Each structure stands twice: as C-alpha cells, then as structure tokens.
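Student: A predicted structure for the sequence below; I have some questions about it.
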Amino acid sequence: MKLKWSRAIAYLTRGLVSVLALVVGVSVFNLLVRTRPPVTRDEEGTTDRVVEVVIAQRVSTARLWEGFGVAEARHLAEVAAEVSAVVRRRPAEIEPGRAVTRGQVLVELDDHDFVQEHLIARQNMARFEAQLKVLDAEERNWTDQLTLAREESDVARLELEKAVEALDRGAGSPIEVDRRRREHSAALRTLRTIEEAVEKVPARRADLEASLHLEQGRAAIAERNVQRCVVTSPLDGVLQDVRLQEGERVAPGAVVARIVNLSLIRVPLRLPQSAQASVRPGDAVELRSETIGWCWTGLVESLAPEADASTRTLTAFVEVSQDPQGESLLLPGRFLRAVVSASPVERLVVPRSAMIDDRVMVEEGGIVAPRLVVAEYHVRRLWPEMHPTEQEWIVLGEASNLRAGDRVILSNPEELRAGEHVVSAVNEGGSIPGRAAGGRVGGP
C-alpha cells in the first residue's frame, strides 16, 4: 500500500514540473514577441542588404615578372699561347683559385729561337742598307759618266760631220771619214751602256728596299714573338684553371689559363614574351638561389632583339655589380630565379574578392550596378588608404568600364543582382555587417 502511494506522488510531481515548464516557455515567447524591434521594409516589401564597399582609386603599381637564368661572368678570358715553344718557367703563385692582376706573368716560354731569328733579320737589314749605300755611290758615278759620254758622243758627231763636209769639198779622204764614223759609233755604244746602267738603278734600289722592308718585318715579328713568350693576364680576376707545367711544349692557340672577373656578373634572364610590354632597361631585379637561399639585386641592362618561339620567352640581360673580395658572391654558373619589377604605372585596382568573371558590382545611389573590367594582373600588397586589411588586388586595364571614385562592392558580390537596393559602408578598420553573411538591416 505504501509503494502505491510513492508512485502516485512521483507521477504527480512530474506532471506539475512539465506544466510549469510549458507555462514558463509560453511566457518567454510572448515576452520576446512583444519586445522585438520593428522591421523597416521598402516599397516592394524586402529589406536592404548592408554591403562593404571600397572606393576605386588610381595608384602607382609595378608589375612583377618571374623568370630564371644562369649567371655568367661579364669579363673573362681564356688566355692562349701565340707561339710554339717550351714552358721555361711558371711562377709559384700561379695556381687555380689565386687572384691575378692585369699584366701579371702567368708563364714564360723559351724565346731562344725567336731571339736568333731577330738577330738574323737585323743582320740582313744591315746588309741591304749597305747595298743601298753602294747603289747610291754607283748612281752618282754612272750619272757623271753619262754626262762625259754624252759630251764625247757630241764631239765625235761633230768630227764626223766635218770629215764628211771636207770630203764633199774634195779636201778630205774617205779613210778619215771612216775613222771618224767608227769613233762616233764607239761613243754611242758607250753612251747607251751608261744610260742602261743608270736606268737600272731605280729597279735595283726598289729591289733592295723591298728586301730591307721584308727583313724589317721579319725582325718585328721575331721581336713580337720574343714578347709573346711572356704570357700575361689581360685582366684582373681569379684563376679558374691553369693547364701548363714547366717543360711542356705548347702550340699556338693552346689555352694556358682561364681567368674570371667577379666584379660584374651578367644573367641572361628568361621571361614570358608578354614582359616586353612593361620591362625596360634599368628596372630592378631580385635574384635568388634556391639551393643556398642567398639573394642578390641587379638591373636590367638590355633586352634581346628576338624572342624564342619554341619556349615563348624573351631574354633580358641583367647585370649584378659586386665586390670580388666580399662575402655572398654570385658565382658564374649558378642557376637563379628572379623577380623583375617593371617600371611603375598609374592603374585602377580593385580587391580580388570583388571580381566575378569579368565584372565587378558597384553601388550607385543605393542601387547595385555591374561594371565590365579587364584584369591585367594581380598583386599582393596593402593599400591602407583604400582598405586596412585587403592584400589581394587586381590591376585593371585601361579598357575597363570603371572609373576612379566608383564604390566597388566587396560583400558577397556573387549574390547580388543588378538593380538591387543596398546600404553601403566603407571599412576603415572596424567590422562591416554582412561582409561574410550578407546580413540585412533590421533582419533577425
């Protein structure tokens, strides 16, 4: 009997608690309904969406182009032997990795044969110079003899004429005429012989002078070969390789050493062909090695006149100046990735999140309107004067149907329709309702 009373009391308690909870819930619901704020509705019976906008502005921006290339020394030399000879001496400091200066001796070759050739040429020059002096004396002698021979020929001709005239008058004899004629003929032969000798003098002089000039040339070559036996560095730099030892015979053209100057490095940088429209000589370049993480800066020196059709790339030549004695040197042969900062231009920019396909939504007098735009490229940076936190931006082309001062909508633009009524707010560092959820004014 007692057990039945306990169960009845439990059931009664549960029923009272349930009724009490139901009454409390209904009371709270009625209270919320009575205290809810009034809803403002437009003429069509819909609420206005709160949207965040950014004011479109023209800003100075530089397009970044990424490329790759292999560093090479702007100034290097493969020093080669110019004569065939035996290496007589190689200085002890001429070793790979050592620094050398312009004019420093790399190796010395045996110059004995060239010294002898120079001596022989000088002796031949002295012989031909002496022969020219003898020829000058002979020319003077032949000239004097020619004058005397002409006088003797004239005298013999006059004597012959007198003898012939006397024979015509009957006062002479034929024998005298014959003797005078023989004397005149002998004088003419002598004159012709001397004239021939005088006429040969210019040709003999030209032959001797040509021989003299030939020997002078041989002497100059021999002297030059003597100088070539001392192989020197043509520039300041570092020895990459030295290939000769003492006692080795070298042939003309054989490489003696390779010298690299590290003060100026050139990087033929491969860029997309479209970079031709904006990259110019003098643009800044950041070069980075992914293997060691070092970074260098340089400038675009020039652009290649031809593009590579197979790779669709354009070559930009970048120069990097550095101290050869400094640290973190950029060495030739290193593969590099680069970022070229093109010259800044004035362009309209909009946040990347505001663009839908090829258009953006703008707010004009509380009405949503679409604008067609042309995206040139995107950049990642902050423009606090336009938005305090936005970092992804689209740079627009001049053909875009957007003007500076337009209010570009950022809040869920894909949900908006042309002609829709909205309430806009510019984010100046605070929270804008509806950016993510698209809340409505007065909405629950």
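Tutor: Looks like it arrived, so ask away.

Student: any idea which element V51 lies in?
Tutor: For V51, the host element (DSSP states H and E) is strand 49-55.

Student: show me which positions of that strand end up buried.
Tutor: Within strand 49-55, the residues scored as buried using 16 or more other Cβ atoms under 10 Å are R49, V50, V51, E52, V53, V54. No exception for glycine: its C-beta is placed from N, CA and C like everyone else's.

Student: between those, which is closest to E183?
Tutor: Of all the buried residues of strand 49-55, V54 has the smallest distance to E183: 128.5 Å, by Cβ to Cβ.

Student: what's near enough to touch the closest one?
Tutor: V54 is in contact with V350, P351, A354, M386, H387, E390, R407, V408, L410, V426, N427, counting by Cβ atoms under 8 Å, 6 or more residues apart in numbering.

Student: same question, H387
Tutor: By Cβ under 8 Å, 6+ apart, the contact list for H387 reads V54, P351, N427.

Student: CSV for these, including distance to L167?
Tutor: Shown next, in CSV, are the contacts of H387 (distance: Cβ to Cβ, whole Å):
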residue, distance to L167
V54, 138
P351, 136
N427, 144
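
Student: what is the nearest of those residues to A149?
Tutor: Using Cβ to Cβ, the shortest approach to A149 within the contacts of H387 belongs to P351, at 114.1 Å.

Student: what pLDDT does that closest one get?
Tutor: With respect to pLDDT, P351 scores 91.

Student: and the one helix or strand D154 maps to, what other elements does it pack with?
Tutor: Per DSSP H and E, D154 falls inside helix 112-169. In terms of contacts (3 or more Cβ pairs under 8 Å, 6 or more residues apart in numbering; DSSP states H and E), helix 112-169 is packed against helix 174-228.

Student: can you name every helix or strand that the helix it packs on contacts?
Tutor: Using 3+ Cβ pairs under 8 Å, 6+ apart, helix 174-228 sits against helix 112-169.

Student: centroid-nearest residue for the chain?
Tutor: Nearest to the mean C-alpha position of the chain, by Cα atoms, centre = their mean, lies F317 at 2.9 Å.

Student: show me this protein divided up by domain.
Tutor: With automatic domain parsing as the criterion, the domains of the chain are listed as 49-61+346-426, 65-71+261-341, 113-228.

Student: tabulate the contacts of V54 (JSON lines), appending secondary structure and distance to L146.
Tutor: Converted to JSON lines, those look like this (DSSP: H, G, I helix; E, B strand; the rest coil; distance: Cβ to Cβ, whole Å):
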{"residue": "V350", "secondary structure": "strand", "distance to L146": "106"}
{"residue": "P351", "secondary structure": "strand", "distance to L146": "109"}
{"residue": "A354", "secondary structure": "helix", "distance to L146": "111"}
{"residue": "M386", "secondary structure": "coil", "distance to L146": "107"}
{"residue": "H387", "secondary structure": "coil", "distance to L146": "110"}
{"residue": "E390", "secondary structure": "coil", "distance to L146": "109"}
{"residue": "R407", "secondary structure": "strand", "distance to L146": "114"}
{"residue": "V408", "secondary structure": "strand", "distance to L146": "110"}
{"residue": "L410", "secondary structure": "coil", "distance to L146": "114"}
{"residue": "V426", "secondary structure": "strand", "distance to L146": "116"}
{"residue": "N427", "secondary structure": "coil", "distance to L146": "116"}
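
Student: derive a PyMOL selection command for the buried subset of the residues you listed.
Tutor: Those of the contacts of V54 that count as buried under 16+ other Cβ under 10 Å are selected in PyMOL with:
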select buried, resi 350+351+354+386+387+390+407+408+410+427
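
Student: pick out the lowest-pLDDT one from the contacts of V54.
Tutor: Looking at the contacts of V54 by pLDDT, the weakest one is N427, with 71.

Student: distance of the residue nearest to that one when sequence neighbours are not counted from W393?
Tutor: Excluding the flanking residues, the one nearest N427 by Cβ to Cβ, 6 or more residues apart in numbering is E52, at 5.3 Å. For E52, the distance to W393 equals 15 Å [Cβ to Cβ, to the nearest Å].

Student: pull the number of nearby residues for A166.
Tutor: Using other Cβ atoms under 10 Å, A166 has 14 other residues around it.

Student: relative to A187, how far out is it?
Tutor: From A166 across to A187, the span is 20 Å (Cβ to Cβ).

Student: how about A338?
Tutor: Going from A338 to A187 by Cβ to Cβ gives 97 Å.

Student: do G405 as well
Tutor: Separation of G405 from A187 (Cβ to Cβ): 119 Å.

Student: check L410 too.
Tutor: 125 Å.

Student: contact partners for the closest residue to R249 other than its chain neighbours?
Tutor: Among residues not flanking R249 along the chain, V86 sits closest, at 5.0 Å (Cβ to Cβ, 6+ apart). By Cβ under 8 Å, 6+ apart, the contact list for V86 reads L109, D110, G247, E248, R249, V250.

Student: report pLDDT for V86.
Tutor: 94.

Student: for V100, same thing?
Tutor: pLDDT, V100: 94.

Student: surely it touches T232?
Tutor: No - in this structure, V100 is not within contact of T232 by Cβ atoms under 8 Å, at 9.1 Å.

Student: looking at the two, which is more packed in?
Tutor: Taking V100 and T232 together and counting by other Cβ under 10 Å, V100 has the greater number of neighbours (22 against 15).

Student: all set, thanks.
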